[in-house]
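[1] build me a model from this:
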Amino acid sequence: MNHNRKIVLQDGREFYGTGFGAEKDNICELVFNTSMVGYQEIISDPSYVDQMVVMTYPIIGNYGITDEDFESKMQAIGGLVVRDYNDIPSNFRYTETLSQILTESNVPAISGVDTRKLTRIIRDEGTQIAMITSAKTPVDEAVTAIKNYKPATDSVERVSTNKIWYSRTANPKYNVVAIDCGIKLSIIRTLKEYGCNVTVVPYNTSAEDIMALCPDGILVSNGPGNPADVSCVIDTVKVLKGKLPILGIGLGHEIIALAAGAKVYKLDCHKSGSHPVKEIKTGKIQSVCHNHSFAVDEVSLEKTNLKVTHINVLDGIVEGIEDTSDKLIGFQFHPECAPGPQDAVNLFEKYIALLEAEVKKHA
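    Numbers count the residues shown, from 1 in each chain. The predicted structure is shown next:
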């Protein structure tokens with residue numbers, strides 16, 4: 001086998017493989033994802049900007065790429081690492097191969113790598129800064145480049161829309177303004193299924209401009225990076241909380257917590273298509289989709305009006321928060337799934353009930 005590419009970790013460990021997608025060097029945070037399917041949703045999820053994803057499921061690419069299944073208009077991922085790449089999709093819906101879309105989007109990928117070993121390294125040692133490069137690149141040169149790498153603080157700015165756009169549904173009941181920190185299209189699709197017209201605005205849109213759109217509720221979307229890097233969104237939520245129902249998903253959940261006075265902290269790795277999450281009130285456990293690098297500090301919530309509604313069964317991480325007085329709801333996981341099980345889609349109904357109350361109040 002022609003090993004023409006390699007992954008170099010920050011300590012100099014090397015993993016050789018065969019390149020596909022774009023032939024470019026890139027330095028990213030290396031994380032893993034345990035989803036068995038959904039690679040198309042993963043590569044197009046803006047939350048993965050500046051991250052290189054190791055897929056733990058061994059065969060990737062076998063059902064190709066389908067135009068209707070993208071989570072954004074960009075292939076946001078920083079790189080892809082797989083064990084076995086299949087370039088002959090068996091799917092009547094497919095329109096391109098995975099390698100073709102990665103090449104078009106200038107995203108490098110590598111196959112033939114020992115993904116089990118890489119996953120164990122990330123699991124045991126935490127996320128790594130890694131470089132995907134030519135097999136001929138001297139290791140000391142790669143390690144020097146990795147040491148000089150500085151994580152970006154403008155990731156939300158790069159993935160957010162730069163102008164307002166609209167997604168309307170038939171017979172709408174509610175109007176929702178979505179603050180785009182890297183929003184997934186499946187969130188918009190789910191809101192539309194519940195009768196919401198959705199207006200998507202740039203991440204730095206002011207509270208005054210949002211209120212001028214006459215929304216019934218606000219959504220703070222998922223997105224990449226450290227929530228502290230988007231202080232303008234935190235300030236917007238501080239102004240809007242209590243005025244309208246606000247739902248936060250992923251990064252949006254963390255932003256709501258920060259706006260209420262809580263704290264967040266960095267995780268090692270928390271990306272999966274099937275994490276068990278427990279609803280505290282009912283004891284019900286649901287299997288949900290995860291994609292986050294930060295989490296809400298539960299102790300810090302004691303100084304706020306936010307209450308924990310969901311916890312992760314495996315590690316106790318805060319997965320859901322709520323403040324009924326200020327009409328705030330946050331989910332660390334993705335209730336809209338994509339990829340992942342649809343166990344938690346019904347959790348949108350709590351937000352929809354708040355929207356309904358808001359509409360009746362002004363009727």
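[2] quick one: least confident helix or strand in the protein?
    strand 271-279 (a mean of 81; mean pLDDT, DSSP states H and E).
[3] that one pairs with which strands?
    Strand 271-279 sits in its sheet next to strand 285-291 (antiparallel), strand 307-312 (antiparallel), going by DSSP bridges.
[4] who wins for proximity to E193 among those?
    strand 285-291 (17.2 Å; C-beta to C-beta). C-beta coordinates here come from the backbone N, C-alpha and C atoms, glycine included.
[5] so how far is that closest one off the chain centroid?
    13 Å (C-alpha atoms, centre = their mean, to the nearest Å).
[6] and the next helix or strand after it, what does it pack onto?
    Sequence-wise, the next helix or strand downstream of strand 285-291 (DSSP states H and E) is strand 294-296. The contact analysis (3 or more C-beta pairs under 8 Å, 6 or more residues apart in numbering; DSSP states H and E) places strand 294-296 against helix 251-259, strand 264-266, strand 318-323.
[7] angles on the backbone of N171, please.
    phi 50, psi 60 (degrees, to the nearest 10).
[8] residues in contact with E319?
    Residues in contact with E319 (C-beta atoms under 8 Å, 6 or more residues apart in numbering) are 277, 288, 310-312, 331-333.
[9] contacting residues around T309?
    T309 neighbours (C-beta under 8 Å, 6+ apart): 279-281, 320-322.
[10] and with 6 Å instead?
    280, 320, 322 (C-beta atoms under 6 Å, 6 or more residues apart in numbering).
[11] could you do D180 as well?
    D180 makes contact with 160-161, 200, 203, 221 under the criterion C-beta under 6 Å, 6+ apart.
[12] mean confidence score for stretch 327-336?
    Taken as a whole, stretch 327-336 carries a mean pLDDT of 92.
[13] so what touches that stretch?
    By C-beta under 6 Å, 6+ apart, the surrounding residues in contact with stretch 327-336 are 186-187, 190, 241, 245-249, 253, 256, 277, 288-290, 292, 319-322, 344-345, 347, 351, 354.
[14] may I have the distance across it, first residue to last?
    For stretch 327-336, the first-to-last residue distance is 20 Å (C-alpha to C-alpha, to the nearest Å).
[15] now swap in stretch 97-113 and tell me
    Rule used - C-alpha to C-alpha; the end-to-end distance of stretch 97-113 is 20 Å.
[16] what comes up buried for it?
    97-99, 101-103, 107-113 (16 or more other C-beta atoms under 10 Å).
[17] relative to Y149, which of the residues you listed is nearest.
    Nearest to Y149 among those, counting by C-beta to C-beta, is P108 at 15.3 Å.
[18] which stretches of the stretch 101-250 of the chain form helices?
    Assigned by DSSP state H, counting those that start in this stretch, the stretch 101-250 of the chain shows helices spanning 115-125, 139-147, 155-159, 185-193, 207-211, 231-240.
[19] pipe those helices into a markdown table and attach distance to M52 and mean pLDDT per row.
    Shown next, in a markdown table, are those (distance: least, C-beta to C-beta, whole Å; pLDDT from 0 to 100):
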| stretch | distance to M52 | mean pLDDT |
| --- | --- | --- |
| helix 115-125 | 10 | 94 |
| helix 139-147 | 12 | 98 |
| helix 155-159 | 14 | 95 |
| helix 185-193 | 23 | 95 |
| helix 207-211 | 34 | 98 |
| helix 231-240 | 26 | 98 |
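[20] how far away is I321 from K266?
    19 Å (C-beta to C-beta, to the nearest Å).
[21] those two - which one has more neighbours?
    Neighbour count, other C-beta atoms under 10 Å: between I321 and K266, I321 has more, with 26 against 10.
[22] quickly list what the more buried one is bridged to.
    V308, G330.
[23] cool, C196 as well?
    Judged by DSSP bridges, the bridge partners of C196 are Y174.
[24] run a quick neighbour tally on it.
    27.
[25] can you pull the phi/psi pair for E41?
    Here is the backbone geometry of E41 (degrees, to the nearest 10): phi -70, psi -30.
[26] packing partners for the helix or strand hosting F20?
    Under the criterion of DSSP H and E, F20 resides in strand 14-21. Strand 14-21 sits against strand 5-9, helix 98-104, strand 108-111, with contacts defined as 3 or more C-beta pairs under 6 Å, 6 or more residues apart in numbering; DSSP states H and E.
[27] in CSV: the ones you listed, plus mean pLDDT.
    Below are those laid out as CSV (pLDDT from 0 to 100):
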stretch, mean pLDDT
strand 5-9, 98
helix 98-104, 96
strand 108-111, 98
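[28] any chance of those in JSON lines, plus distance to G273?
    Formatted as JSON lines, the helices and strands packed on strand 14-21 follow (distance: least, C-beta to C-beta, whole Å):
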{"stretch": "strand 5-9", "distance to G273": "23"}
{"stretch": "helix 98-104", "distance to G273": "17"}
{"stretch": "strand 108-111", "distance to G273": "19"}
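[29] now the stretch 151-300 of the chain, which segments are flagged as low pLDDT?
    Scanning the stretch 151-300 of the chain for pLDDT under 70 picks out the ranges 269-272.
[30] and the pLDDT at the spatially closest residue to E319 that is not a sequence neighbour?
    In this structure, E319 finds its nearest non-sequential neighbour in H310, 4.0 Å apart by C-beta to C-beta, 6 or more residues apart in numbering. pLDDT for H310: 96.
[31] H310 and V288, how far apart?
    For H310, the distance to V288 - C-beta to C-beta - is 9 Å.
[32] what about I285, neighbour count?
    Using other C-beta under 10 Å, I285 has 13 neighbouring residues.
[33] ah, wrong one, I meant A353
    Counted with other C-beta under 10 Å, the neighbours of A353 add up to 11.
[34] buried ones in the helix or strand hosting it, by neighbour count?
    Using DSSP H and E, A353 falls within helix 348-361. Of all the residues in helix 348-361, those buried under the rule 16+ other C-beta under 10 Å are 348, 350-352, 354-356, 358.
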